[in-house]
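S.K.: here you go, sequence then predicted model.
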Amino acid sequence: MKTKMILKTLGLAAVMAVSTGAFADGWNDDGPRFGFPGYNNGPAFKQNLELIKNVNDRQDNQLERILARYYEGRLTQMEFRKLMDVQTDIRKMERSFMADGFLNRHEFQKLDYALDAASKNIFREAHDGQGRPSQGYYGGGWNEGYGGYKPWNR
């Protein structure tokens, strides 16, 4: 019984050593290879990278816009939190779409739509006349500019 277990363990170790050596020998360390040579050079891969870059650039731009409007005093604390929550939701959606390593057209369209809606919400919240009075934006009084707030739907 012990001999069979030892032989199985040695056999498994030998198989792992051979497969590890073969894997390491074919790895060029120039990026991920998903199973076949030339994968990273294909048009589908390049298009996928462009879609991902587009989404990430827009997310970075929106984050900068939110932070700038907040520091300018154009956003209240609640507006800031809502906008940041939307950005978190979009990042989660992107991560779930990228779980397989690809962002297909349908997934990109969903992200694009969510980013469009978030961009409109950033603009709307920054220009709704509400702000943090302590920052001196939109006049003086504590109650000025806080009437008629209608939260947008996410």
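M.R.: Thanks, I have the structure now.
S.K.: from here on, just use CA atoms for contacts and neighbour counts.
M.R.: Noted.
S.K.: list the contacts for residue 124?
M.R.: By CA atoms under 8 Å, 6 or more residues apart in numbering, the contact list for residue 124 is empty.
S.K.: from residue 52, how far out is it?
M.R.: Going from residue 124 to residue 52 by CA to CA, to the nearest Å gives 26 Å.
S.K.: excluding chain neighbours, what is closest to residue 83?
M.R.: Closest residue in space to residue 83, ignoring its immediate chain neighbours: residue 122 at 6.9 Å, by CA to CA, 6 or more residues apart in numbering.
S.K.: let's verify that neighbour: helix, strand, or coil?
M.R.: Assigned with DSSP: H, G, I helix; E, B strand; the rest coil, residue 122 falls in the helix class.
S.K.: contacting residues around it?
M.R.: Shown in contact with residue 122 (CA under 8 Å, 6+ apart): 62, 65, 66, 83.
S.K.: can we see that at 10 Å?
M.R.: Applying CA atoms under 10 Å, 6 or more residues apart in numbering, we find residue 122 in contact with 62, 63, 65, 66, 69, 75, 79, 80, 82, 83, 84, 116.
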